[in-house]
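Participant: Pasted the sequence and its predicted model underneath.
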Amino acid sequence: MAGIERLLKSQAPLRWLFTGDSITHGCRHTSGYRDYVQHFEERLRSELGRSRDHVIKTAISGYISKNILDDIEWNILQHNPHFISIMLGMNDAKHPLENFDRDYTRILDILAEKTEAMVVLHTPNPAIPGSEPLREPSLPIIAEKIREFGQKRGLTVVDHRNLWEKAWDKDPALIQLWMNDSQHPNGKGHKVFANLTFKTLGIWDQESRCCRLLDE
């Protein structure tokens, strides 16, 4: 994880940007608990001592990849970020898959052309089985496509879907424990998001209060 190590060693303050849809937006479904971006900010600015860094969230409820693409100057580029996190796909799953492929590809092309940021991709969590007939067929395909983007472009992928599927298979009760509705994680689900993000980025520490899993 040379990219994240380089950023964390920087003496200059940095800008960390998170974009996506309602899941990253964290609106309503967390019931007042922190979303995963807020957990990341606490880990970074408090526990890791980078208090002058800015954590910027530009995710908007209802967004698909096309919205980010059309709004990319305001949503991402104007902030000149050093780190860009993208979690999309839950809403794209209701639209033709070729649209997601085209628009997501173009987003990554623009970021490669116009920024030097470390770009991190996230697969979306699964929907509750049987609850989203319009989304469910496309969500695993989108997750696999995001993994392919990461592999081909040398980008880090935080694979939430893989972790959640395995966890739900082992303990189906977690479906209700981590979800607020059929597709949106609740506060506990966002803590699971945060922990996997920390582990994938190499900033997990068992002694950290931000990294401890769920309720103590």
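Facilitator: Cool, the structure landed. Numbering: from 1, shown residues only.
Participant: Run through the neighbouring helices and strands of the longest helix along the chain.
Facilitator: Secondary structure assigned by DSSP state H gives helix 97-114 as the longest helix of the chain. Contacts defined by 3 or more CB pairs under 8 Å, 6 or more residues apart in numbering; DSSP states H and E place helix 97-114 against helix 65-70, strand 118-123, helix 139-153. Yep, even glycine has a C-beta here, placed from its N, CA and C like the rest.
Participant: Show me what the residue nearest to P81 when sequence neighbours are not counted bridges to in the sheet.
Facilitator: Excluding the flanking residues, the one nearest P81 by CB to CB, 6 or more residues apart in numbering is L17, at 3.9 Å. Beta-bridge pairing for L17 (DSSP bridges): I56, I84.
Participant: In three-state terms, label R28 for me.
Facilitator: Under DSSP: H, G, I helix; E, B strand; the rest coil, R28 falls in the coil class.
Participant: Let me see the backbone angles for the residue nearest to the spatial centre of the chain.
Facilitator: The residue lying closest to the centre of the chain (CA atoms, centre = their mean) is M87, at 3.9 Å. Main-chain dihedrals, M87, degrees, to the nearest 10: phi -130, psi 110.
Participant: Test my guess that it contacts L17.
Facilitator: No - using CB atoms under 8 Å, M87 makes no contact with L17, being 12.0 Å away.
Participant: Rounded mean pLDDT for stretch 164-181, please.
Facilitator: Averaged across stretch 164-181, pLDDT comes to 96.
Participant: just for this structure, where's the confidence low?
Facilitator: By pLDDT under 70, the weakly predicted segments of the chain are 1, 213-216.
Participant: how about a cut-off of 80?
Facilitator: 1-2, 212-216 (pLDDT under 80).
Participant: P185 and I23 touch, don't they?
Facilitator: Yes - the pair P185 and I23 passes the contact test of CB under 8 Å, sitting 6.6 Å apart.
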